[in-house]
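**Student:** Quick one: sequence and predicted model below, then my questions.
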Amino acid sequence: MALAILARRRAADAVLRRPQAGAVVSAWRAYAAAAGEESDVVVVGGGPGGYVAAIKAAQLGLKTTCIEKRGALGGTCLNVGCIPSKVLRLPCLSLPHPLFSPIAALLHSSHMYHEAKSSFAHHGVKFSNLEVDLPAMMAQKDKAVSGLTKGIEGLFKKNKVTYVKGFGKLASPSEVSVDLIDGGNTVVKGKNIIIATGSDVKSLPGITIDEKKIVSSTGALCLSEIPKKLVVIGAGYIGLEMGSVWNRLGSEVTVVEFAPDIVPSMDGEIRKQFQRMLEKQKFKFMLKTKVVGCDTSGDGVKLTLEPAAGGDQTILEADVVLVSAGRTPFTSGIGLETIGVETDKAGRILVDKRFMTNVNGVYAIGDAIPGPMLAHKAEEDGVACVEFIAGKEGHVDYDTVPGVVYTHPEVASVGKTEEQVKALGIAYSVGKFPLLANSRAKAIDDAEGIVKVVAEKETDKILGVHIMAPNAGEIIHEAVLALQYGASSEDVARTCHAHPTVSEALKEACLQTFSKAIHI
Ligand SMILES: Cc1cc2nc3c(=O)[nH]c(=O)nc-3n(C[C@H](O)[C@H](O)[C@H](O)COP(=O)(O)OP(=O)(O)OC[C@H]3O[C@@H](n4cnc5c(N)ncnc54)[C@H](O)[C@@H]3O)c2cc1C
Ligand SMILES: NC(=O)c1ccc[n+]([C@@H]2O[C@H](COP(=O)([O-])OP(=O)(O)OC[C@H]3O[C@@H](n4cnc5c(N)ncnc54)[C@H](O)[C@@H]3O)[C@@H](O)[C@H]2O)c1
């Protein structure tokens, strides 16, 4: 053992002589960990669940180590998910890791192009020549992502979280064996271990993702040119967001969905309006349809489709196919079986209310456990988990986790859908307010949408809020607070809202729930 530690010390010394500061820190910390320094908390995975847990644990005075295999912190969300998608970042162009996420970035950039193309003229702003500079869009996305990942490294330093770059595998309930990115292996010891390994794209039988013609969300963020025909498999969050990006940039987008509806978890009424809105944007939907074959031998892709209930097959041609039929927890090959951690049939790690697995001292959070696969949910899990470890009370209210689809307009919701309330046999009232009657939405010529509130009839307590509106993802937080504090629709309706704002539509929908809206 002593010899092994000496070897790691030499490796750390050797790395020290290299110019990359990150490698120095990683090698030295790996050495220190190997030398027997036991952490109070070891987090495996540096995504929104893992890195937030690590920072919070350190803030609570716990000696903390975080192990990440990607070479960058922030996980799926920051590298290849939430952030790059919302800008439009093509990670593969400049970043070393294929999972760098440009969705937020891409959504924003492509929205700006689409607005310039189709809306500016109505506002008296005219262009003689408008074009997409895809490399520039990607560069903007890369800039957003790298700035944010480096920011997390800064937070680790500030909070004294030890950062080990490598692939961690549970070796015992208190040890993680790490294959270091810079080479070699070390063992990190911890009194408590948190598994925050996240999720990966779910593949479909007979469809091989090559990230060129058949892409996951990661490849869809890295396309080198705008596909003429893009087929999206799965009308969920990723399919509709990434479909929006490429639709705005000029692709003909067809979405193939197995279920009878898009985003099956959404309130039925909102979902129907949402689908109509996307169809106006030239999305084509093939619902109740399954993909049964895939031929990539020619220039493009030929998909064989069949009605979900069975029937005649048809062929659908595409330049690029995006597989977005869900994600699967990343829980195999990380040593769970070595220490006997229990998972369900879907591979999700089973935890109790304190996020502890069946193995004492081993916890799990985020996409790796049951529940919505959302970054903010993973963060809440992380904070609550380390609060329990620190001997405090942690709490996550899964009934008030908001969901947002970042299309335009955005669709955001919190709490129960009308269908869920009905199924529970609860007597309820509904208040709706169309954006067409909202002065701000009208003024900015962006009045497609609706706010819908579902409240318990007897008490007027708000049970669910569903918003399709520009910036719905921001407005929803007023509703989240309302649910969190058990507010009634009257409480919100009697709260003064600034004018003119889209948020007034929520106040009006609440007025309509318990009494009558003013502006309709
Ligand atoms: C395209 C896309 C867009 C998305 N957009 C949104 C959005 O807008 N809003 C939202 O809330 N959610 C969004 N999500 C979902 C969100 O990214 C996830 O819910 C969130 O990242 C989960 O956080 P996590 O920490 O549990 O896991 P992850 O973010 O997946 O992080 C896990 C980390 O662990 C690392 N890891 C795994 N195994 C090991 C190991 N053995 N050793 C060391 N490191 C390991 C991985 O490299 C990864 O960095 C999106 C997802 C995708 C794919
Ligand atoms: N804005 C956000 O918060 C955001 C954005 C992107 C991703 N995410 C998260 O990432 C996760 C994965 O996203 P996703 O869009 O891949 O999954 P999803 O679960 O949102 O949607 C998958 C869709 O694919 C359909 N489907 C499943 N198998 C199919 C098949 N064989 N053929 C056709 N359709 C099929 C499902 O019915 C569903 O509608 C989601 O759980 C979501 O929470 C969140």
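**Tutor:** Okay, I see it. Ligands and ions are numbered 1, 2, ... in the order given.
**Student:** and whichever residue of the stretch 251-400 of the chain sits closest to ligand 1, what pLDDT?
**Tutor:** Distances between the stretch 251-400 of the chain and ligand 1 by CB to the nearest ligand atom are smallest at residue 366, namely 2.2 Å. C-betas here are computed from N, CA, C, even on glycine. pLDDT, residue 366: 98.
**Student:** gap between residue 174 and residue 457?
**Tutor:** Remark: distance between residue 174 and residue 457 (CB to CB, to the nearest Å) = 53 Å.
**Student:** Tell me the spacing between the closest residue to residue 487 other than its chain neighbours and ligand 1.
**Tutor:** Once flanking residues are discounted, residue 487 sits nearest to residue 462: 5.8 Å by CB to CB, 6 or more residues apart in numbering. Per CB to the nearest ligand atom, to the nearest Å, residue 462 is found 22 Å from ligand 1.
**Student:** Contact residues of this protein facing ligand 1?
**Tutor:** By CB under 6 Å from any ligand atom, the residues of the chain that approach ligand 1 are 44-50, 67-70, 75-77, 81-82, 85, 101, 103, 167-168, 196-199, 217, 238, 330, 334, 366-368, 373-376, 378, 406.
**Student:** just to revisit the earlier point, which secondary structure element is home to the residue nearest to the residue of the stretch 251-400 of the chain closest to ligand 1 when sequence neighbours are not counted?
**Tutor:** Nearest residue to residue 366 in three dimensions, chain neighbours excluded: residue 49, at 2.9 Å (CB to CB, 6+ apart). In this assignment (DSSP states H and E), residue 49 forms part of helix 48-59.
**Student:** does that helix come close to ligand 2?
**Tutor:** No: using CB under 6 Å from any ligand atom, helix 48-59 never reaches ligand 2; the gap is at least 11.3 Å.
**Student:** now swap in stretch 235-244 and tell me
**Tutor:** Yes: residues of stretch 235-244 contacting ligand 2 under CB under 6 Å from any ligand atom: 235, 236, 237, 238, 239, 241.
**Student:** Now do the same for the last one: helix, strand or coil?
**Tutor:** Right, the one you point to is residue 241. helix (DSSP: H, G, I helix; E, B strand; the rest coil).
**Student:** Can you list the buried residues in stretch 503-520?
**Tutor:** 503-514, 517 (16 or more other CB atoms under 10 Å).
**Student:** same deal with stretch 438-447?
**Tutor:** 438, 440, 441, 446, 447.
**Student:** quick one: contacts for the residue of the stretch 251-400 of the chain closest to ligand 1?
**Tutor:** Contacts for residue 366 (CB atoms under 8 Å, 6 or more residues apart in numbering) come out as 45, 47, 48, 49, 50, 196, 198, 377, 378, 381, 382.
**Student:** Farthest-apart pair in those residues, please.
**Tutor:** 45 and 377 (14.7 Å; CB to CB).
**Student:** Run through the strands of the stretch 201-350 of the chain in chain order.
**Tutor:** 214-215, 229-233, 252-256, 284-286, 289-295, 301-307, 314-318, 320-323, 327-329 (DSSP state E, counting those that start in this stretch).
**Student:** Tell me which of these sits nearest to residue 452.
**Tutor:** Using CB to CB, those put strand 284-286 closest to residue 452, at 21.9 Å.
**Student:** Taking the stretch 201-350 of the chain, what residue is nearest to ligand 1?
**Tutor:** residue 217 (3.5 Å).
**Student:** How are the helices of the stretch 151-300 of the chain distributed by residue range?
**Tutor:** 217-220, 237-248, 268-280 (DSSP state H, counting those that start in this stretch).
**Student:** no wait, the stretch 301-450 of the chain
**Tutor:** With DSSP H, counting those that start in this stretch as the criterion, the stretch 301-450 of the chain has helices spanning 336-339, 375-389, 418-423, 439-443.
**Student:** same for the helix or strand that the last one is followed by, what does it pack against?
**Tutor:** In the C-terminal direction, the helix or strand that comes right after helix 439-443 (DSSP H and E) is strand 450-456. Strand 450-456 makes packing contacts with helix 268-280, helix 418-423, strand 428-434, strand 462-469, helix 504-514 when contacts are defined by 3 or more CB pairs under 8 Å, 6 or more residues apart in numbering; DSSP states H and E.
**Student:** Try it again at 10 Å.
**Tutor:** Applying 3 or more CB pairs under 10 Å, 6 or more residues apart in numbering; DSSP states H and E, we find strand 450-456 packed against helix 268-280, strand 410-415, helix 418-423, strand 428-434, strand 462-469, helix 472-484, helix 489-493, helix 504-514.
**Student:** got the ones you listed as TSV, with mean pLDDT and distance to residue 57 columns?
**Tutor:** Below are those laid out as TSV (pLDDT from 0 to 100; distance: least, CB to CB, whole Å):
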stretch	mean pLDDT	distance to residue 57
helix 268-280	97	38
strand 410-415	98	28
helix 418-423	98	35
strand 428-434	98	41
strand 462-469	98	33
helix 472-484	98	24
helix 489-493	98	36
helix 504-514	98	36
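**Student:** I'd like to know which of the ones you listed lies nearest to residue 307.
**Tutor:** helix 268-280 (18.6 Å).
**Student:** Buried ones in stretch 212-226, by neighbour count?
**Tutor:** Those would be 213, 214, 215, 216, 217, 218, 219, 220, 221, 222, 223, 226, for stretch 212-226 by 16+ other CB under 10 Å.
**Student:** Same check on stretch 262-271?
**Tutor:** Neighbour-count burial for stretch 262-271 [16+ other CB under 10 Å]: 262, 263, 266, 267, 269, 270, 271.
**Student:** So, low pLDDT: which residues of the stretch 51-200 of the chain?
**Tutor:** 86-102 (pLDDT under 70).
**Student:** Can you name the residue of it nearest to ligand 1?
**Tutor:** For the stretch 51-200 of the chain, CB to the nearest ligand atom, closest residue to ligand 1: residue 198, 2.0 Å.
**Student:** That residue contacts residue 349, doesn't it?
**Tutor:** No: shown here, residue 198 and residue 349 do not form a contact pair, counting by CB atoms under 10 Å, at 11.4 Å.
**Student:** Residues that sit against both of these two, list them.
**Tutor:** 329, 331, 365, 366, 368 (CB atoms under 10 Å, 6 or more residues apart in numbering).
**Student:** The third one: neighbouring residues, count only.
**Tutor:** Applying the criterion other CB atoms under 10 Å, we find 34 residues in the vicinity of residue 365.
**Student:** got a list of what it touches?
**Tutor:** 43, 45, 47-50, 52-53, 194-198, 349, 351, 355, 371, 377-386, 396 are the contacts of residue 365 under CB under 10 Å, 6+ apart.
**Student:** I'd like the distance between it and residue 334.
**Tutor:** From residue 365 to residue 334 the distance is 14 Å (CB to CB).
**Student:** what touches both of those two?
**Tutor:** What both residue 365 and residue 334 touch, as defined by CB under 10 Å, 6+ apart, is the set 45, 195, 197, 349.
**Student:** a markdown table for those, including neighbour count?
**Tutor:** Output for the shared contacts of residue 365 and residue 334, formatted as a markdown table (neighbours: other CB atoms under 10 Å):
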| residue | neighbour count |
| --- | --- |
| 45 | 33 |
| 195 | 32 |
| 197 | 31 |
| 349 | 25 |
